[in-house]
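Undergrad: this is the structure alone, sequence omitted:
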């Protein structure tokens, strides 16, 4: 005789859903934002197990009045702060111009980093110029913080005759060995384990350079993220593993990537990697956390995971319309503010800022971007050319062109 | 000069390159202290140190990502995939990253990684230890693919692969690790020591990539083979008493079209042999190339002798394996035309 089947409540599948969708008011009131200056700053040799709280806390330095408070204040000179502000403003002006250029049909695609400028700029300034960076497509600020020529970046976006990448890559997939900026991939996450490999190579050779990598919270679900953390932990690789949590992976909110149950910084704890969660819109906090991680790496103490808590204020790309999946203008309500406004407020609080200075800087930045734009467009745009010779299409597949490519080049008539 | 198995020859190649260049590193699962499950890296960690020859976690995708980063730094990593069957998780890093890095960075970043992988059947490895996935990689622009068939070639080709500035897939026919194999599974195993190509020079020598070897000259038909199938093809020609010209391609990409073309123009007939499954296999590419380059010299349809389009079976290994009898049949068919 069959055993009686006991009653079981029916199962149901949980599919995470963001708290608001288009049509409703954006509401960040449930977001826990600890006051600035309250997160502790452990010594750089602190084991991961003794600082697990920092993977759930939020390192913040700039308070609501623009004062730098607490143990993470990096005490930067006014010169450094001005450099940071100028770079962030340049990134924003550059983004605006290139977005416009795309709308004008001068290129196929563009991606802004609005609201996230502090991350790439502060981190670019906090590491050494010789350190190697493995970015995603939203860290154009790294190149700008390293004073890489805007014209060169624009030529890449236009795939024009001046494009060092010879029109092979989609816009914004920059690459510059000289700038220590690794070639960006569209296959998300691949750069993460590559950065760890680069860092391991540096350690094998007894070099003193370190690597830094970036990934979005959405792509932490990719295997490469976990391979990178495994290798970084196992071999104590001198690498800074940055994780930009801007809350949106195209149209999927962070909950789809696993953000409902825990923080993304907490991912590092399972690997024994010291992990920090940092206000990504706070230039000083980002700078300080990065310096702390860099000091660990340089002292052979191994990797650090930094979750940069921020918000993607703009669309994912020019091919995206966020009004289709989240309340309009959501970024303007982000409780952690705008990174440029916050640093400017800090300069005012320090008394090193004036209205005249504001106007001068805004004009300088606008003029620099405009001049670069004209220079780049003189070298061509995607809609009108000129481009590099089509013959270059067959080059660099291999170091030396093999017979079959030579033959195909002849067939192509280029 | 020493008599070596293919395992020893591969070991010697890595030893030579680790000694010559501080940029060469060897990494993979079990390759360090233990010396590899097939012993190819035996003693290398002891001699060259833990930071040059080391064990990795079990993640082929991770190994490949790490190797690409190391290569971008300027090292020349030799990454072992424990079996070619395990390589698929690494494909994104191989196909989207290593293969395209030079191209997409305008030549500024490169990935001179050598990926070693024991491959092919004949050892009762079933479907996860017997596969021949070379055609997946010959399809990828930016990768080179190399497959040796003797200890002498294995050392010279592996040295060339490590010295090459592009990523190289280096598939090692594991049935040949410890002796040549004619495909007669019921006959005693023959050691390499009795084969002339087991004589391996000491120190550094390189066999250029992209060059086939004519392992048997003949006039009746050209057999295109690589890896284990070179030995099986030689046995088939002998048993069928056909004066075949047997070419060991050694490198599949870039393939040595000149040698293939000259041979087929001379013989007018062509049989292509590989262990891998047939549809979309590298034999299809070879067949198309022969047709494009030698059509007016062909006196018979091109024949392919390959593994069947099934997963690699365990109990039916010898029904699957394209042994000498199947090749001999194909030889007879093309000779009858």
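TA: Now that the structure is in, tell me what you want to look at. Computed from a prediction, not measured in an experiment: that's the story for all the values here. Numbers count the residues shown, from 1 in each chain, chains lettered A, B, ... in the order given.
Undergrad: domain map for the chain?
TA: Going with chain A. In the domain annotation for chain A, the residue ranges read A:48-315+A:333-383, A:384-414 (automatic domain parsing).
Undergrad: the chain in question should be chain B.
TA: According to automatic domain parsing, the domains of chain B span B:2-200, B:213-336.
Undergrad: deepest in the core, which of the ones you listed is it.
TA: Greatest average neighbour count among the domains of chain B goes to domain B:2-200 (a mean of 22), per mean count of other Cβ atoms under 10 Å in any protein chain shown. In this view, the C-beta of every residue, glycine as well, is placed from N, C-alpha and C.
Undergrad: end to end, how far does that domain reach?
TA: End-to-end distance for domain B:2-200: 5 Å, by Cα to Cα, to the nearest Å.
Undergrad: got phi/psi on the residue nearest the centre of chain B?
TA: In chain B, the residue lying closest to the centroid (Cα atoms, centre = their mean) is residue B:147, at 1.6 Å. The phi and psi values for residue B:147, taken as degrees, to the nearest 10, are phi -140, psi 110.
Undergrad: just so I know, which of the domains of chain A lies nearest chain B?
TA: Closest of the domains of chain A to chain B is domain A:48-315+A:333-383, at 2.5 Å (criterion: Cβ to the nearest Cβ).
Undergrad: and residue A:16, how many residues sit next to it?
TA: Around residue A:16 there are 14 other residues, counting by other Cβ atoms under 10 Å in any protein chain shown.
Undergrad: likewise residue A:375?
TA: When neighbours are defined as other Cβ under 10 Å, residue A:375 has 15 of them.
Undergrad: checking it next. Helix, strand or coil?
TA: Recorded secondary structure, residue A:375: helix (DSSP: H, G, I helix; E, B strand; the rest coil).
Undergrad: what's the pLDDT at the nearest residue to it once chain neighbours are set aside?
TA: Closest residue in space to residue A:375, ignoring its immediate chain neighbours: residue A:151 at 4.9 Å, by Cβ to Cβ, 6 or more residues apart in numbering or on different chains. The per-residue pLDDT reported for residue A:151 equals 98.
Undergrad: can you check residue B:195 too?
TA: So residue B:195 comes in at 96 (pLDDT).
Undergrad: repeat that for the one 4 residues further on.
TA: In this model, residue B:199 is scored at 98, pLDDT.
Undergrad: also residue A:1?
TA: 61.
Undergrad: look up how far residue B:61 lies from residue A:362.
TA: Using Cβ to Cβ, to the nearest Å, residue A:362 is found at 47 Å from residue B:61.
Undergrad: hmm, I typed the wrong one, I wanted residue A:158.
TA: 34 Å.
Undergrad: and if you look at residue A:101?
TA: Taking Cβ to Cβ, one finds residue A:101 at 37 Å from residue B:61.
Undergrad: could you do residue A:398 as well?
TA: Remark: distance between residue A:398 and residue B:61 (Cβ to Cβ) = 24 Å.
Undergrad: do residue B:292 as well
TA: Distance from residue B:292 to residue B:61, by Cβ to Cβ: 37 Å.
Undergrad: spatially nearest residue to residue A:158 (excluding sequence neighbours)?
TA: Counting by Cβ to Cβ, 6+ apart, residue A:158 lies nearest to residue A:381, which is 4.7 Å off, once chain neighbours are set aside.
Undergrad: give me the pLDDT value at the one you found.
TA: Reported pLDDT for residue A:381: 98.
Undergrad: which residues in the chain form strands?
TA: Just so you know, I chose chain A. A:132-134, A:211-216, A:239-245, A:248-249, A:252-253, A:275-279, A:304-309 (DSSP state E).
Undergrad: switch to chain B, please.
TA: Under DSSP E, chain B gives strands at B:2-3, B:24-28, B:53-55, B:76-80, B:114-119, B:144-146, B:168-173, B:199-200, B:213-216, B:221-225, B:244-248, B:251-253, B:270-277, B:303-307.
Undergrad: figure out which of those is closest to chain A.
TA: Per Cβ to the nearest Cβ, nearest to chain A of these: strand B:24-28, 6.4 Å.
Undergrad: so does that closest one get close to chain A?
TA: Yes - Strand B:24-28 is in contact with chain A by Cβ under 8 Å from any Cβ of the partner chain, via residue B:25.
Undergrad: where's the residue nearest to residue A:375 relative to residue B:320, distance?
TA: 60 Å.
Undergrad: on that earlier part again, mean pLDDT, mean neighbour count and distance to residue A:227 for the strands of chain A - can I get that in TSV?
TA: As requested, the strands of chain A are exported to TSV (pLDDT from 0 to 100; neighbours: other Cβ atoms under 10 Å in any protein chain shown; distance: least, Cβ to Cβ, whole Å):
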stretch	mean pLDDT	mean neighbour count	distance to residue A:227
strand A:132-134	98	28	14
strand A:211-216	98	28	12
strand A:239-245	98	29	12
strand A:248-249	98	22	19
strand A:252-253	97	18	22
strand A:275-279	98	28	17
strand A:304-309	98	28	14
